[in-house]
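1. Predicted model and sequence follow; I will ask about them next.
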Amino acid sequence: MYTSTGFISWLLRRISGLALVLYLFMHLWVIGAANSGVQVFNDRLNAVQTPLFKLFEVALLAAVVYHALDGIRLLLIHYFDLTEYRKSLFWAVIILSAIITIVGGGAILVIAFTGG
Amino acid sequence: MSNNDTQRTVTVRIQRFNPDVDKKPHMQDYQVKMWPGMTILDALHEIKTHQDGSVTYRRSCRHGICGSCAMHINGRNTLACKTPIINEVKKNNTVTIGPLPYLPVIKDMVVDRTSFWEQYLRVKPWLIPPDDIPEREFRMSQEEVDALHDAEACIMCGACYSSCAVIGLNKKYLGPHALLKAFLRVLDPRDTAPGERLEIVSQADGVARCHTIFNCIDACPKGLNPTQAIETLRKLAQKRQKYEEAKAERQKHLNEPIPS
Amino acid sequence: MLTFKLQRWSAIALLVFLTIHMIFMHYVPPFHISFDVVQARLSTPTWKIIDILFLFSVLVHAMAGSYQVITDFESAFNYRKALAWASVIIVILAFVYGAKTIWAFQL
């Protein structure tokens, strides 16, 4: 095994990506309740808006934010030839993801526990 | 660095594997007395000559140009002959040496490079010159030379190839070495088959399989940048026709002096 | 190369759509989603178009990504044609189902 910042970013990208694919299909199924009528939809959505699911939502936010920022990093490298800045870009992605997750996740939890 | 420091004894930990007796590789320690300017390859010679003749590794020129002695030293791929041992000694006074990762081990540090060369040949690494060869030299502008980013300096040591995580999973991927060579030929103003080469690298096992992990840049003992070469090929592969036409136009003026 | 292009273009589309989606779903009141809330939003054609395009790009991105992850393994790489068709079929089926769901809010 050959470890490096690039390897770690690749691993995180894959894990978050596959997790998001699983989430996507669960999400489609939950929203798909609308096909069975208003009552079914509201019941199913109430089930996934409990405080426990809000915690999962923060984890989801972390995956989305990391995956998106990592993607932006790859786009920047592709279009602006930034391979020389690979290490600083990697750490920038990690730090930015952490900040956005803490701020955004905190907001989700505050809204969830104070009732908005 | 004091004289004492350069002459101290270090532990060289080598991954040993003898296919005749071993089921799987194991580590073996050797004590080596350093001398000023000693390289990893010197240490291996010291062990092979004075301590254990069965230690097996490839080496040839010991000038960093033949590409034979690429090894996995302290978790990085590099050439044993151009790595001073003093730079690699860790806090526990040990240097760890193993064969190139992700490749089948034949014995000790010797790996099977068949896939490496097979992938290399797939991109047609040779130059396909125009029919009309000039009486004197081909002329290239400084910009054209700069655009190659020294890719011709590749010594085919395999350090990048065996650091690539994609190669670890899938030996059908062309690999950074072959793509760097394809890049060199595609950008070479003399080459007449850039379209064909771009076609080869845009297949499913070509440039799209690179996941921008950058291990190849960190591994290259010549300081080359295969990832940048792959990114350039990706861009060119998406406008192949245009690039082919521009290149054909350029080749009409290969015999002429470069306008300054 | 086609997978690579699909992945890249859908990624750029997602950067726009997902930002909109996240902000409007989680950070703009009302915070509790129910049928009426979604129905009110989807009554404007703009939102309908945004959601349809979002659905399509996210499915393309998800399946192109899964295809790449799976075909990175040499054993799966040999069956990449079949895997590619399977991905296309999953995208179509999921798109039809998702589009039907968006349509269900017409009621």
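-> Nice, I can see it. Numbering: from 1, shown residues only, chains lettered A, B, ... in the order given.

2. Are there helices or strands packed against the helix or strand containing residue A:27, and which ones?
-> If you go by DSSP states H and E, residue A:27 is part of helix A:5-31. Secondary-structure packing of helix A:5-31 (3 or more Cβ pairs under 8 Å, 6 or more residues apart in numbering or on different chains; DSSP states H and E): helix A:38-47, helix A:51-80, helix A:86-114, helix B:215-219, helix C:45-71, helix C:80-104. Using the backbone N, CA and C atoms, a C-beta is placed for each residue, glycine as well.

3. need the ones you listed in JSON lines with mean neighbour count, mean pLDDT and distance to residue B:77, can you?
-> Output for the helices and strands packed on helix A:5-31, formatted as JSON lines (neighbours: other Cβ atoms under 10 Å in any protein chain shown; pLDDT from 0 to 100; distance: least, Cβ to Cβ, whole Å):
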{"stretch": "helix A:38-47", "mean neighbour count": "15", "mean pLDDT": "89", "distance to residue B:77": "52"}
{"stretch": "helix A:51-80", "mean neighbour count": "17", "mean pLDDT": "94", "distance to residue B:77": "22"}
{"stretch": "helix A:86-114", "mean neighbour count": "15", "mean pLDDT": "93", "distance to residue B:77": "17"}
{"stretch": "helix B:215-219", "mean neighbour count": "25", "mean pLDDT": "94", "distance to residue B:77": "4"}
{"stretch": "helix C:45-71", "mean neighbour count": "19", "mean pLDDT": "95", "distance to residue B:77": "25"}
{"stretch": "helix C:80-104", "mean neighbour count": "15", "mean pLDDT": "94", "distance to residue B:77": "29"}
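
4. Centre-most residue in chain C?
-> residue C:58 (2.6 Å; Cα atoms, centre = their mean).

5. Likewise for chain A?
-> In chain A, the centroid-proximal residue (Cα atoms, centre = their mean) is residue A:64; its distance is 1.9 Å.

6. picking up where we left off before, could you dump the helices and strands packed on helix A:5-31 into JSON lines with distance to residue B:140 added?
-> Shown next, in JSON lines, are these (distance: least, Cβ to Cβ, whole Å):
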{"stretch": "helix A:38-47", "distance to residue B:140": "65"}
{"stretch": "helix A:51-80", "distance to residue B:140": "26"}
{"stretch": "helix A:86-114", "distance to residue B:140": "30"}
{"stretch": "helix B:215-219", "distance to residue B:140": "25"}
{"stretch": "helix C:45-71", "distance to residue B:140": "37"}
{"stretch": "helix C:80-104", "distance to residue B:140": "39"}
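
7. distance between stretch B:182-190 and the chain's centre?
-> Centre-to-centre, stretch B:182-190 and its host chain are 18 Å apart (Cα atoms, centre = their mean, to the nearest Å).

8. pull the CA atoms of that stretch into CSV?
-> C-alpha atoms of stretch B:182-190 as CSV (Å, rounded to 0.1, in the frame of the first residue of the first chain):
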residue,chain,number,x,y,z
ALA,B,182,2.1,9.0,-25.1
PHE,B,183,2.0,12.6,-24.0
LEU,B,184,5.6,13.0,-25.2
ARG,B,185,4.8,11.6,-28.6
VAL,B,186,1.5,13.4,-29.0
LEU,B,187,3.1,16.8,-28.2
ASP,B,188,6.2,16.1,-30.3
PRO,B,189,5.9,18.2,-33.5
ARG,B,190,7.6,15.5,-35.6
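
9. For that stretch, give me every contacting residue.
-> Contact with stretch B:182-190 is made by B:123-130, B:138, B:140, B:144, B:147-148, B:151-152, B:154, B:174, B:191, B:193-194, B:197-198, B:200-201, B:229-230, B:232-233, B:236, B:247, B:250-251, B:254, as judged by Cβ atoms under 8 Å, 6 or more residues apart in numbering or on different chains.

10. quick one: which of those residues sit in helices?
-> B:144, B:147, B:194, B:197-198, B:200-201, B:229-230, B:232-233, B:236, B:247, B:250-251 (DSSP state H).

11. Out of those, flag the one nearest to chain C.
-> Of all those, residue B:201 has the smallest distance to chain C: 8.8 Å, by Cβ to the nearest Cβ.
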